[in-house]
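**Student:** From the sequence below, what's the structure:
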Amino acid sequence: MTLDETPGPDRSFLFVLGSSRTDGNSEILARAAAEHLPADVPQRWVDLNELTLPDFRDGRHEDAGRRPGETEELLRRATVEATDVVIVSPLYWYSLSAQTKRYLDYWSGWLNVPGSDFKERMAGGTLWGVTALAHEEHEVADGLVTGLNHSAAYLGMRFGGVLTGTASRPGRVRADERAMIRAKTFFRGEAPLARFPYEEAGAVA
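**Tutor:** The predicted structure follows:
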């Protein structure tokens, strides 16, 4: 399957919802995009607000044998079993929400879980983003986009980009016609291998 084809049955999508608002604009936009995935492509939706997940504690140098708790392990398995991970987060202070950032912080711990092979299992998969923001000028979300791209680059993943929409009040993203049109084909877009800026500069040189 080439990258610009519609995802086939060998793909599976994990949508990670990180908004502090139920049925928020970012989720509405993500579901609008997901509606256009083929019916035979599995979708799994995880709302981080519904999980009992403590703040991440970095103990990789003090507790190398740490085992994840039940909720954490279920989330880790859902992450590594998906070919495509979609981060759904509103733009909070020009970055990811606290819930979403905590989830990504756990990736650091999963890199060191004995026998998890987290980095190897994530390599070759695709990371996507969906965000709603109050600005009409979507370049203010560049910090969020950069963070996701670099996370994908570190793990050897592809990066499908970020679907952005303008909205502040509940449900208003539906009025962003350009965002809703883009949502129809978002997951058909080419997802190149993510690179750090210095890697891209080296390739040009």
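
**Student:** Tell me who's in contact with the residue nearest the centre of the chain.
**Tutor:** Nearest to the mean C-alpha position of the chain, by C-alpha atoms, centre = their mean, lies Ile87 at 2.4 Å. Taking C-beta atoms under 8 Å, 6 or more residues apart in numbering, we find Ile87 in contact with 16, 18, 96, 100, 104, 127-130, 148. C-beta here means a position set from N, CA and C on the backbone, and glycine is covered the same way.

**Student:** repeat for Met122
**Tutor:** Neighbours of Met122 in contact, by C-beta under 8 Å, 6+ apart: 79-80, 155-157.

**Student:** Separate out the buried members of these.
**Tutor:** 79-80, 155, 157 (16 or more other C-beta atoms under 10 Å).

**Student:** What segments of this structure are strands?
**Tutor:** With DSSP state E applied, the chain shows strands at 13-17, 43-47, 84-88, 126-133, 158-166, listed in chain order.

**Student:** can you list those in TSV and add mean pLDDT and distance to Phe118?
**Tutor:** Listed next are the strands of the chain as TSV, based on pLDDT from 0 to 100; distance: least, C-beta to C-beta, whole Å:
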stretch	mean pLDDT	distance to Phe118
strand 13-17	98	14
strand 43-47	96	17
strand 84-88	98	12
strand 126-133	97	14
strand 158-166	97	17
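
**Student:** what's the closest of these to Glu139?
**Tutor:** Glu139 lies closest to strand 158-166 among those, at 9.4 Å (C-beta to C-beta).

**Student:** Which neighbouring elements make contact with that closest one?
**Tutor:** Other helices and strands packing on strand 158-166, by 3 or more C-beta pairs under 8 Å, 6 or more residues apart in numbering; DSSP states H and E, are helix 25-34, strand 126-133, helix 142-154, helix 177-183.

**Student:** so which of the ones you listed comes closest to Ala191?
**Tutor:** Using C-beta to C-beta, the nearest of these to Ala191 is strand 126-133, at 4.7 Å.

**Student:** Give me the distance from the closest one to the chain's centre.
**Tutor:** With C-alpha atoms, centre = their mean, to the nearest Å as the basis, strand 126-133 stands 6 Å off its chain's centre.

**Student:** From the contact counts, what lies against that strand?
**Tutor:** Counting by 3+ C-beta pairs under 8 Å, 6+ apart, strand 126-133 packs on helix 25-34, strand 84-88, helix 142-154, strand 158-166.

**Student:** picking up where we left off before, any chance of the helices and strands packed on strand 158-166 in CSV with mean neighbour count and distance to Pro197 as columns?
**Tutor:** Output for the helices and strands packed on strand 158-166, formatted as CSV (neighbours: other C-beta atoms under 10 Å; distance: least, C-beta to C-beta, whole Å):
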stretch, mean neighbour count, distance to Pro197
helix 25-34, 24, 26
strand 126-133, 26, 17
helix 142-154, 18, 9
helix 177-183, 16, 25
